[in-house]
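Asks: Okay, sequence plus prediction incoming.
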Amino acid sequence: MTTTLITGIGELVTNDPAVGDGSRLGLLTDAALVIDGDAIAWVGSAVRAPTADARIHLGGRALVPGFVDSHTHLVFAGDRAGEFAARMAGSRYDGGGIAATVAATRAATDDHLRALLAARVAELRAQGTTTVEIKTGYGLTVTEELRALRLAGEVTAETTFLGAHVMPTAGSTGGERVDRQERTAGAAGSTGGPRVDAGTDRDGYLRLVTGEMLAVCAPHARWIDVFCEPASPHAFDADEARTVLEAGRAAGLGLRVHGNQLATGPGVRLAVELGAASVDHCTHLAGPDVDALAGSATVATLLPGVEFSTRSPYPDARRLLDAGVTVALATDCNPGTCYSSSMPLVIALAVREMGMTPAEALWAATAGGARALRRDDIGVLAPGRRADITVLDAPSHLHIAYRPGVPIARALEIEPGRET
Ligand SMILES: [Zn+2]
């Protein structure tokens, strides 16, 4: 295995409080780092650096742990630019636009989806993201959800089955909704459109998601997720979400929840009760939600790109941090509510709009994301951890939020001579 010594690091953020300045970021100046294959072999002061087979000199640039984007929906075709324009003109988001992406994704070939996914992963790396979680949820049939998971699995180990994204509509392009009111009234929601496995009623779709679809998808997924949002007629209420999560857990999957995005509701407390790794959005929280998170191992993952893109109020990150909750930041990159794969933008929004310090935001986008994925091999730059590193064309991590919109971050390519 070739070892590579990296020198000329103006500032090294390790996220290891045992080294450097003693802060949570574990900041080192005049640092060096040795990489052995895919792993970090040594971290310390440049004057004490060991020799290595090859050498990279960074000319005073800062290094930070690679960004961990623990929440994306990257397997999709088409876009919803028109919906974005309508929202900017004043219409409200209620989760219903997902059906348009479902139709476009089902119509795409494997090769087309694969090419779109590869381009998006390249886009992530070009902005400093080295780990990405990818959810399904634009298929909503057994075959389409399986296809999305297989494609996601070609680019990441962090694959999430999200058959319970929304209730499918009667046909691929819209038609009648299978909504809660219809179920309550005891009426069948649709006559069943083409390529919809079980769109006749909410209970029928839930049986499919927790039955055949789960059985087929579970071997290809690490996680299961559900859009628990009673405020949306397209999403799932507390009982439905519990059914989905318990079935996923029984199938061996870890749990994640979309919750409390559009209104206060049961998502956060359900996630904590069931021991989910993360509950994501957390935009509208009641006091008991914060208390529940504070006493738990469930990470609150904030997705401020969504509030930015939907012109909505931001989550109260300060309240969560002050209560001792572990906070992560992620993009939620998706074609409807946040078509941005930029973790630097998310960090800038968290600092500028959500009251986080630059240090808190960077930690949340790296070590916080690793916690949200229950990973201890990433998010920290220390011996034995993965050599997932992001380089900044700047002397310190402060520049990520200080220079919003400027492409200063990228994943470090560990090829000797590349960065000299
Ligand atoms: Zn999402």
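Replies: Everything's here; your move.

Asks: Check the burial of the nearest residue to residue 381 once chain neighbours are set aside by counting its neighbours.
Replies: Residue nearest to residue 381 in three dimensions, not counting chain neighbours: residue 14, with 4.5 Å by Cβ to Cβ, 6 or more residues apart in numbering. No exception for glycine: its C-beta is placed from N, CA and C like everyone else's. Around residue 14 sit 24 other residues, with neighbours defined as other Cβ atoms under 10 Å.

Asks: which SS state does residue 227 fall under?
Replies: strand (DSSP: H, G, I helix; E, B strand; the rest coil).

Asks: With residue 21 as the reference, measure out to the residue nearest to residue 381.
Replies: 10 Å (Cβ to Cβ, to the nearest Å).

Asks: Overlap of the contact sets of these two?
Replies: By the contact definition Cβ atoms under 8 Å, 6 or more residues apart in numbering, residue 14 and residue 21 are jointly contacted by 27-28.

Asks: Mind picking out the helix or strand in the chain with the poorest mean pLDDT?
Replies: Lowest on mean pLDDT, DSSP states H and E among the helices and strands of the chain sits helix 180-184, with a mean of 36.

Asks: any idea which element the closest residue to residue 356 other than its chain neighbours lies in?
Replies: Counting by Cβ to Cβ, 6+ apart, residue 356 lies nearest to residue 350, which is 4.5 Å off, once chain neighbours are set aside. Take DSSP states H and E as the rule and residue 350 turns out to sit in helix 343-354.

Asks: can I assume residue 368 sits in a helix?
Replies: Yes: per three-state DSSP, residue 368 lies within a helix segment.

Asks: what about it, how many neighbours?
Replies: Look at residue 368: counted by other Cβ under 10 Å, it has 27 neighbours.

Asks: cool, and residue 146?
Replies: Using other Cβ under 10 Å, the number of residues around residue 146 comes to 20.

Asks: likewise residue 218?
Replies: So residue 218, with other Cβ under 10 Å, has 18 neighbours.

Asks: what sits against it?
Replies: 161, 224, 248, 251-253.

Asks: now do 6 Å
Replies: For residue 218, the contacting residues are 251, 253, by Cβ atoms under 6 Å, 6 or more residues apart in numbering.

Asks: Distance check, it against residue 251.
Replies: Using Cβ to Cβ, residue 218 is found at 4 Å from residue 251.

Asks: Same check on residue 243?
Replies: 13 Å.

Asks: What score does the closest residue to residue 290 other than its chain neighbours have for pLDDT?
Replies: Closest residue in space to residue 290, ignoring its immediate chain neighbours: residue 323 at 5.1 Å, by Cβ to Cβ, 6+ apart. On pLDDT, residue 323 comes in at 98.

Asks: Next, residue 323: phi, psi?
Replies: When read as degrees, to the nearest 10, the backbone of residue 323 gives phi -90, psi 0.

Asks: roughly how far apart are it and residue 82?
Replies: 40 Å.

Asks: How about residue 25?
Replies: When distance is defined by Cβ to Cβ, residue 25 is 42 Å away from residue 82.

Asks: which of those two has more neighbours?
Replies: residue 25 (25 against 10).

Asks: shouldn't that one be in contact with residue 14?
Replies: No: using Cβ atoms under 6 Å, residue 25 makes no contact with residue 14, being 7.3 Å away.

Asks: follow-up on the earlier one: neighbours around the residue nearest to residue 290, how many?
Replies: Close neighbours of residue 323, defined as other Cβ under 10 Å, add up to 15.

Asks: and what of the one 10 residues further on?
Replies: Other residues near residue 333 number 28, with proximity taken as other Cβ under 10 Å.

Asks: let's number from 8 now, not from 1
Replies: Let's use 8 as the start, then, which means that last one is residue 340.

Asks: just checking, it touches residue 348?
Replies: Yes: the pair residue 340 and residue 348 qualifies as a contact (Cβ under 6 Å) at a distance of 4.5 Å.

Asks: would residue 308 count as being in a strand?
Replies: Yes: assessed by three-state DSSP, residue 308 belongs to a strand.

Asks: Kindly state the pLDDT recorded for the residue nearest to residue 415 when sequence neighbours are not counted?
Replies: Excluding its sequence neighbours, the residue lying closest to residue 415 (Cβ to Cβ, 6+ apart) is residue 400, at 4.4 Å. Residue 400 carries a pLDDT value of 98.

Asks: repeat for residue 192
Replies: Predicted confidence (pLDDT) for residue 192: 33.

Asks: Kindly report the same for residue 320.
Replies: We note a pLDDT of 96 for residue 320 in this prediction.

Asks: for residue 423, same thing?
Replies: Residue 423 carries a pLDDT value of 51.

Asks: for the residue lying closest to residue 303 once chain neighbours are set aside, what are its contacts?
Replies: Once flanking residues are discounted, residue 303 sits nearest to residue 279: 4.5 Å by Cβ to Cβ, 6+ apart. By Cβ under 6 Å, 6+ apart, residue 279 lies in contact with 299, 303, 305.
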